[in-house]
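> Predicted model and sequence follow; I will ask about them next.
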Amino acid sequence: MGPSSPTSSCSSSYSSPFTSPEFSSLPVMSLREKIVEKVLENRVTLIVGETGCGKSSQVPQFLLAENMEPILCTQPRRFAVVAVAKMVAKGRNCELGGEVGYHIGHSKHLSERSKIVFKTAGVLLDEMRDRGLNALKYKVIILDEVHERSVESDLVLVCVKQLLLKKNDLRVVLMSATADITKYRDYFRDLGRGERVEVLAIPSTNQRTIFQRRVSYLEQVTELLGVDHGMTSELSSLRYCSGPSPSMANAEIKPEVHKLIHDLVLHIHKNESDIEKSILVFLPTYYALEQQWHLMKPLSSFFKVHILHSSVDTEQALMAMKICKSHRKVILATNIAESSVTIPKVAYVIDSCRSLQVFWDVNRKIDSAELVWVSQSQAEQRRGRTGRTCDGQVYRLVTKSFFGTLEDHECPAILRLSLRLQVLLICCAESKAISDPKVLLQKALDPPYPEVVGDALDLLDHKRALQKISPRGRYEPTFYGRLLASFSLSFDASVLVLKFGEIGMLREGILLGILMDTQPLPILHPFGDDALFAEYTGCYFGGDGNTRLLTGRKEMVIMGNLCAFQFWQHVFKDKQRLDHLQQVLKFDETKVTASLLPKIEEEWCSLHYLVQSSLHHVSELYEDILNAVHRFRPKFLGTSNGLPTYYDPYEFEHTCLLNCDPPRDMDPLAADNEHLGPSFEAKKCVAVPFVAPNQFQSNNVAEKLASIIKEVQIFHALSVILLIWC
Ligand SMILES: Nc1ncnc2c1ncn2[C@@H]1O[C@H](COP(=O)(O)OP(=O)(O)OP(=O)(O)O)[C@@H](O)[C@H]1O
């Protein structure tokens with residue numbers, strides 16, 4: 001079997017991905033022929049291999065070389081979809097969007113020519129809802145990281161199995177380093193006579209070329225640091241983990257744990273001469289990242305701290321890591337960085353072994369979040385973030401015996417969450433084969449409790465999003481339900497949009513709904529500096545007595561971001577305004593090229609402490625939702641006011657953020673200091689003349705927001721959504 005041949009979409013300097021020295025030594029390479037053979041022979045193949053052995057990046061290419069395209073690969077996280085797609089495209093010397101493409105949320109780099117396509121499970125489910133199982137028209141479907149059990153991944157698995165029952169020539173490949181093999185074998189047992197899941201394990205013994213990974217536990221860490229002399233491992237466990245085993249210990253992070261991490265980071269720094277070798281620390285929440293960051297501030301002359309959290313622009317954070325060469329990198333991350341990604345030169349992983357888990361509180365009927373101990377499978381994935389581009393050392397901050405009693409796998413989300421939105425989405429599916437939630441969810445790998453599905457159906461019925469079609473008791477979506485389901489927002493955010501639509505403020509409602517779900521938000525939140533964030537937010541909303549309208553800080557933040565978005569839109573999205581901008585800056589018309597304006601916009605955003613990518617994301621989502629509303633044409637569309645008066649272009653005034661102090665101390669999100677941008681004096685705001693403080697009728701919108709929040713009694717649910725991103 002020869003290497004794949006270059007395709008027309010690849011450049012002439014194409015070199016075979018299989019022979020390039022960077023990849024030829026990956027352990028998965030030794031099993032290439034076997035993998036192809038097994039996938040051709042069997043309808044379902046499970047590939048199990050250590051983290052970093054090359055599954056995600058190489059297996060799709062093995063199959064492409066056998067002309068098994070088109071190939072679909074799902075990844076549980078957006079971050080991973082982009083990272084793996086980029087890596088495969090780079091390895092094949094192709095443009096992204098050509099032979100190799102991806103689709104996450106609103107970012108779509110695909111074409112007719114795409115032969116390997118990476119998507120999130122969520123995107124795939126949306127497509128299936130619209131086009132039925134036809135959305136799965138691929139020769140091979142690879143479900144990567146199958147151990148990650150989001151509701152979306154589990155639903156994709158159900159649908160793929162339905163398709164397998166109909167389509168004999170489809171090939172499905174499941175991949176993971178830590179999947180429960182028996183579970184998947186059993187799940188596909190009823191595919192047909194003589195059918196079975198072929199399991200292919202990439203042997204560890206063959207992994208001569210993979211880098212070393214050593215693991216130490218709490219007892220070795222305390223010994224290494226010379227703390228708690230003579231303390232038994234039981235006492236250590238009590239001191240740092242509040243108990244001897246997960247069932248007897250709460251997963252809160254005590255100050256002692258933060259101190260231990262601080263000392264360990266310092267110890268590593270003193271003993272590792274290569275400052276390019278970085279340290280990745282896993283913590284459960286934004287708050288824990290903040291605590292750790294504050295503790296490490298005095299060490300800022302040694303370290304550059306980077307943050308990986310959903311509230312941070314990951315692309316930008318990774319870029320900043322690449323640029324920074326002068327200091328050792330310490331990356332503080334939540335489980336966003338837990339699987340599928342390679343952060344080059346991570347040589348040390350410190351794992352707090354805790355994570356944040358959201359669950360549906362059946363009694364209070366709200367989403368809640370709690371700190372939990374990770375499963376062994378999660379800890380293995382975290383371990384796998386090192387040993388990829390250099391040798392690695394992992395420190396687990398629990399004792400070995402404590403670790404031994406952690407669950408093998410975490411509880412699947414389908415057994416923890418309320419499933420309201422998923423039940424509604426299932427009911428809205430075009431294809432009858434997948435539109436009955438009671439039937440479909442019972443086919444899941446771990447079927448949810450029938451009362452949870454019943455609760456979701458009742459709630460949706462109560463909200464008139466579904467109606468029971470007698471006599472068989474099957475539910476159908478109402479017009480309102482279909483409309484809600486078409487928004488690609490969380491359930492509460494979608495409800496909010498429609499409530500605003502009903503009072504003639506559709507535009508504001510859509511933006512507020514999007515902002516409830518958006519991470520990172522348009523207004524920059526300098527990491528660890530809530531005061532500065534409040535100052536930035538206050539410049540957009542709250543400076544003229546309108547704070548009393550809203551009681552919660554979270555709603556204030558949403559309102560501030562709404563005003564910030566509109567401000568940006570006013571300056572950069574209004575045709576006449578742009579003409580005006582050109583005059584202000586005295587552009588020579590001919591020189592105003594497509595490339596100049598984005599640059600100005602980028603600088604402007606940075607001067608006003610706005611996150612450009614987030615503004616664009618909100619803008620794209622806004623268009624989508626507006627289109628959905630126009631497709632459905634609800635009654636209120638006729639009574640909506642249309643464009644607000646302030647849309648008329650005219651000269652306007654704004655309270656310029658340039659008067660704010662720049663971020664103090666070390667900003668972990670910025671690259672090296674010399675890359676911080678133009679000096680303070682040189683700043684010039686192109687939004688002049690002005691935007692008046694209440695230009696966007698913010699008081700009026702805030703008043704409506706306050707009453708709608710009360711009316712729909714989603715305050716608690718809102719707090720949870722906001723708690724996760726704030
Ligand atoms: N951005 C990158 N820079 C440098 N090397 C990389 C990069 N991405 C991947 N690699 C290399 O390719 C190897 C294989 O990565 P790949 O994601 O295919 O492995 P995997 O088996 O799918 O791992 P996991 O189970 O952790 O997702 C890594 O171990 C690393 O050596």
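Alright, I've got the coordinates. Numbers count the residues shown, from 1 in each chain.
> Find me the pLDDT at Lys586, would you?
As predicted, Lys586 sits at a pLDDT of 59.
> er, Arg388 actually
Arg388 carries a pLDDT score of 87 in this model.
> how about the helices in the stretch 101-250 of the chain?
Ranges of helices in the stretch 101-250 of the chain, per DSSP state H, counting those that start in this stretch, are 121-131, 151-166, 181-187, 218-225, 233-241.
> how big is the angle separating the last one from helix 218-225?
Using axes from the mean of the first three to the mean of the last three Cα atoms, to 10 degrees, the interaxial angle of helix 233-241 with respect to helix 218-225 works out to 80 degrees.
> name the helices or strands packed onto helix 233-241?
Contacts defined by 3 or more Cβ pairs under 8 Å, 6 or more residues apart in numbering; DSSP states H and E place helix 233-241 against helix 218-225, helix 255-271, helix 400-404. For every residue, glycine as well, the C-beta is placed using N, CA and C.
> Go again with 6 Å.
In terms of contacts (3 or more Cβ pairs under 6 Å, 6 or more residues apart in numbering; DSSP states H and E), helix 233-241 is packed against helix 218-225.
> avg pLDDT for the helix it packs on?
pLDDT averaged over helix 218-225 gives 93.
> And stretch 420-435, by the same measure?
87.
> likewise stretch 251-260?
For stretch 251-260, the per-residue pLDDT averages 94.
> One more: stretch 185-204?
For stretch 185-204, mean pLDDT rounds to 83.
> that older thread, out of the helices of the stretch 101-250 of the chain, flag the one nearest Arg382.
Among those, the nearest to Arg382 by Cβ to Cβ is helix 218-225 (15.3 Å).
> rewinding a little: got CSV for the helices of the stretch 101-250 of the chain, with distance to the ligand and mean neighbour count too?
Shown next, in CSV, are the helices of the stretch 101-250 of the chain (distance: least, Cβ to the nearest ligand atom, whole Å; neighbours: other Cβ atoms under 10 Å):
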stretch, distance to the ligand, mean neighbour count
helix 121-131, 15, 20
helix 151-166, 14, 21
helix 181-187, 15, 15
helix 218-225, 24, 19
helix 233-241, 26, 19
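> okay if I get these as JSON lines plus distance to Val611?
Converted to JSON lines, the helices of the stretch 101-250 of the chain look like this (distance: least, Cβ to Cβ, whole Å):
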{"stretch": "helix 121-131", "distance to Val611": "22"}
{"stretch": "helix 151-166", "distance to Val611": "26"}
{"stretch": "helix 181-187", "distance to Val611": "40"}
{"stretch": "helix 218-225", "distance to Val611": "37"}
{"stretch": "helix 233-241", "distance to Val611": "36"}
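> To Val439, which of those lies closest?
Val439 lies closest to helix 151-166 among the helices of the stretch 101-250 of the chain, at 10.1 Å (Cβ to Cβ).
> ok, back up a step: Glu33 is nearest to which of the helices of the stretch 101-250 of the chain?
So among these, helix 181-187 is nearest, using Cβ to Cβ, at 22.1 Å.
> how distant is the closest one from the center of its chain?
Here the centre of helix 181-187 is set off from its chain's centre by 28 Å, with Cα atoms, centre = their mean, to the nearest Å.
> Does it pack against any helices or strands, and if so which?
Under the contact criterion of 3+ Cβ pairs under 6 Å, 6+ apart, helix 181-187 touches strand 197-201.
> Pairing partners for the strand it packs on, with directions?
Take DSSP bridges as the rule and strand 197-201 pairs in its sheet with strand 44-48 (parallel).
> pLDDT averaged over the next helix or strand along the chain from the partner strand, what's the number?
Under the assignment DSSP states H and E, the closest C-terminal helix or strand after strand 44-48 is helix 55-65. The pLDDT scores in helix 55-65 average 94.
> what's in contact with helix 55-65?
Helix 55-65 is contacted by residues 4, 17, 28, 32, 35-36, 47, 49, 71, 73, 84, 87-88, 115-116, 140, 144, 175 when judged by Cβ atoms under 6 Å, 6 or more residues apart in numbering.
> Intersect those with the contacts of the ligand.
Among the contacts of helix 55-65, the residues that sit close to the ligand (Cβ under 6 Å from any ligand atom) are Gly49, Met87.
> Of the contacts of helix 55-65, which belong to strands?
Mapping the contacts of helix 55-65 onto strands (DSSP state E) picks out Ile47, Ile71, Cys73, Ile116, Val140, Met175.
> What number of residues are in the vicinity of the fifth one?
It refers to Val140. 22 (other Cβ atoms under 10 Å).
> and if you look at the third one?
One way to gauge burial is a neighbour count; for Cys73, by other Cβ under 10 Å, it gives 27.
> gap between it and Leu143?
Using Cβ to Cβ, to the nearest Å, Cys73 is found at 8 Å from Leu143.
> Between the two, which contacts overlap?
Here Cys73 and Leu143 have no joint contacts, going by Cβ under 6 Å, 6+ apart.
> need the residues of this structure near the ligand, please.
Residues of the chain lying near the ligand by Cβ under 6 Å from any ligand atom: 26, 49, 51-58, 87, 177, 339-340, 342, 344, 384, 388-389.
> Can you tell me who the spatially closest residue to Ser114 that is not a sequence neighbour pairs with across the strands?
The shortest distance from Ser114 to any non-neighbouring residue, by Cβ to Cβ, 6 or more residues apart in numbering, is to Gly101 (3.6 Å). As for beta bridges, Gly101 partners with Val117 under DSSP bridges.
> Return the nearest residue of the stretch 151-300 of the chain with respect to the ligand.
Closest contact between the stretch 151-300 of the chain and the ligand, by Cβ to the nearest ligand atom, is at Ala177 (4.5 Å).
> Leaving out the residues flanking it, which one is nearest to that residue?
Ala177 sits nearest to Thr51 (Cβ to Cβ, 6+ apart), 4.5 Å away.
> That neighbour: neighbour count?
By other Cβ under 10 Å, the residues close to Thr51 number 23.
> With Ser339 as the reference, measure out to it.
The spacing between Thr51 and Ser339, counted by Cβ to Cβ, is 8 Å.
> same question, Arg214
Taking Cβ to Cβ as the measure, Arg214 falls 20 Å from Ser339.
> Name the residue in these two with the higher neighbour count.
Using other Cβ under 10 Å, the more surrounded residue of Arg214 and Ser339 is Ser339, with 27 against 13.
> Might you report the residue contacts of the more buried one?
Here Ser339 is in contact with Glu145, Gln381 (Cβ under 6 Å, 6+ apart).
> Can you classify it as helix, strand or coil?
Under DSSP: H, G, I helix; E, B strand; the rest coil, the three-state class of Ser339 is coil.
> same thing with the one 4 residues further on?
The three-state label given to Ile343 by three-state DSSP is coil.
> Local confidence estimate at it?
88.
> Ile510 belongs to a helix, doesn't it?
Yes. Read with three-state DSSP, Ile510 is one of the residues of a helix.
> For the residue nearest to it when sequence neighbours are not counted, identify the helix or strand it belongs to.
What sits nearest to Ile510 in space, not counting adjacent residues and going by Cβ to Cβ, 6+ apart, is Ile625, at 4.9 Å. In the assignment (DSSP H and E), Ile625 maps to helix 612-632.
> per-residue confidence averaged over that helix?
For helix 612-632, mean pLDDT is 88.
> any idea how this protein splits into domains?
When the chain is parsed with the TED database, its domains come out as 27-201, 213-411, 416-485, 502-586+596-663+680-725.
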